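Chemist: return a 3D structure for these sequence lines:
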Amino acid sequence: MATPITTALIPKLLSIAGSDPSGGAGVQGDLKTFSALGCYGMAAITALTAQNTRGVSLVHAVPASVVAAQIDAVFADIDVDAVKIGMLAEPAIAACVADSLARAGATRIVLDPVLVATSGDSLSAAGLIHSVIARLFPLAALVTPNLPEAAALLGAREAVAAREMVEQGRALLACGARAVLMKGGHLSGEPLDILVAGETVQEFHGRRAPTKNLHGTGCALSSAIAAHLALGAPLGAAIRAAKDYLEDALSAADALALGSGRGPPHLLHALWKR
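Modeler: Here you go, the predicted structure:
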């Protein structure tokens with residue numbers, strides 16, 4: 001006889017992000033990641049996009065008041081163990097998200113400052129960077145920029161070596177972040193991510209999967225970190241576990257055979273084994 005599942009012990013996570021109709025990134029990717037890691041996923045949608053494995057053709061921002069209403073409705077009724085923030089699209093949305101999370105006393109917030117899609121398409125409006133730094137950096141337990149995003153946040157050139165990644169991570173701390181994971185997937189060679197938190201600098205080495213299917217990798221990593229934080233892991237262990245999960249999902253990505261462009265990692269690979 002199967003052991004009953006105690007739902008009170010299942011972590012509940014909220015994704016605040018854009019919608020990807022092709023299912024690889026955004027809230028769709030986040031919900032798959034949460035489920036794959038044994039968590040219950042919820043979503044507040046910040047933008048509707050028209051995109052597929054070949055790129056983004058349209059971004060339609062949801063009114064800030066509607067975004068706030070979604071977040072407020074969840075927190076008014078459900079205990080939220082962690083929050084992942086992705087695409088925000090506009091400064092007003094970033095501000096309303098900050099207000100709603102502050103009112104709710106939300107904790108374990110992972111902020112993935114999504115500014116550009118993997119395809120290179122812009123996903124943000126002018127003024128968003130200032131709003132994200134001013135309003136959301138102070139609330140987030142962790143900020144997870146890739147190298148182009150970190151450069152955009154700082155108005156600097158993109159880091160090309162580990163030393164520069166650490167310098168930019170410290171510069172983001174000076175902007176108000178509590179901890180920064182500099183994602184080095186854009187570097188040549190094996191991927192290297194670096195956590196900068198206070199005086200702590202911790203390197204996370206990984207392996208590069210032989211696949212072109214990288215759509216939504218940043219979304220998956222940040223949502224996996226949030227899930228492991230909700231499961232009780234300390235920050236460093238949550239990052240390591242999330243990276244291991246993503247590397248396995250990337251190794252299985254080609255099995256999806258999705259679309260003619262860059263598909264997503266196989267986020268549910270462990271559940272679909274045959």
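
Chemist: pLDDT weak spots in the protein?
Modeler: Where the chain drops to pLDDT under 70, the residues are 1-8, 116-125, 274.

Chemist: buried stuff in the longest helix anywhere in it?
Modeler: Longest helix in the chain by number of residues (criterion: DSSP state H): helix 235-251. Buried residues in helix 235-251, counted by 16 or more other CB atoms under 10 Å: 235, 238-243, 245-251. C-betas here are computed from N, CA, C, even on glycine.

Chemist: for Asp79, give me its contacts.
Modeler: Lys12 (CB atoms under 8 Å, 6 or more residues apart in numbering).

Chemist: ok, now Arg240?
Modeler: Arg240 makes contacts with Phe204, as judged by CB under 8 Å, 6+ apart.

Chemist: again with Asp81
Modeler: 11-13, 39, 108, 230.

Chemist: among those residues, which ones are in strands?
Modeler: Under the assignment DSSP state E, the contacts of Asp81 contribute 12-13 to strands.

Chemist: ok, so of the contacts of Asp81, who is nearest Gly55?
Modeler: Closest approach between the contacts of Asp81 and Gly55, by CB to CB: Leu13, at 28.2 Å.

Chemist: okay but that closest one is in contact with Gly41, surely?
Modeler: Yes: between Leu13 and Gly41 there is a contact under CB atoms under 8 Å: 5.6 Å.

Chemist: which stretches of the stretch 101-250 of the chain form helices?
Modeler: Taking DSSP state H, counting those that start in this stretch as the test, the helices found in the stretch 101-250 of the chain are 128-131, 147-154, 162-174, 217-230, 235-251.

Chemist: after the helix or strand that Gln70 is a member of comes which helix or strand?
Modeler: Following DSSP states H and E, one finds Gln70 within helix 64-77. Sequence-wise, the next helix or strand downstream of helix 64-77 (DSSP H and E) is strand 82-85.

Chemist: just the CA trace of the longest helix of the chain, in PDB.
Modeler: Taking Å, rounded to 0.1, in the frame of the first residue of the first chain, the C-alpha atoms of helix 235-251 are listed here in PDB:
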ATOM      1  CA  LEU A 235      22.500  28.400  -0.400                       C
ATOM      2  CA  GLY A 236      25.700  26.700  -1.500                       C
ATOM      3  CA  ALA A 237      24.100  23.200  -1.400                       C
ATOM      4  CA  ALA A 238      21.000  24.500  -3.200                       C
ATOM      5  CA  ILE A 239      23.100  25.900  -6.100                       C
ATOM      6  CA  ARG A 240      25.100  22.700  -6.400                       C
ATOM      7  CA  ALA A 241      22.000  20.500  -6.500                       C
ATOM      8  CA  ALA A 242      20.300  22.900  -9.000                       C
ATOM      9  CA  LYS A 243      23.400  22.700 -11.300                       C
ATOM     10  CA  ASP A 244      23.400  18.900 -11.100                       C
ATOM     11  CA  TYR A 245      19.700  18.800 -12.000                       C
ATOM     12  CA  LEU A 246      20.200  21.200 -15.000                       C
ATOM     13  CA  GLU A 247      23.200  19.400 -16.300                       C
ATOM     14  CA  ASP A 248      21.200  16.100 -16.400                       C
ATOM     15  CA  ALA A 249      18.300  18.000 -18.100                       C
ATOM     16  CA  LEU A 250      20.600  19.300 -20.700                       C
ATOM     17  CA  SER A 251      22.100  15.900 -21.300                       C
END
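
Chemist: what is the one helix or strand Val27 maps to packed up against?
Modeler: Per DSSP H and E: Val27 is located in helix 26-36. If you count contacts as 3 or more CB pairs under 8 Å, 6 or more residues apart in numbering; DSSP states H and E, helix 26-36 packs onto strand 12-19, strand 40-52, helix 217-230.
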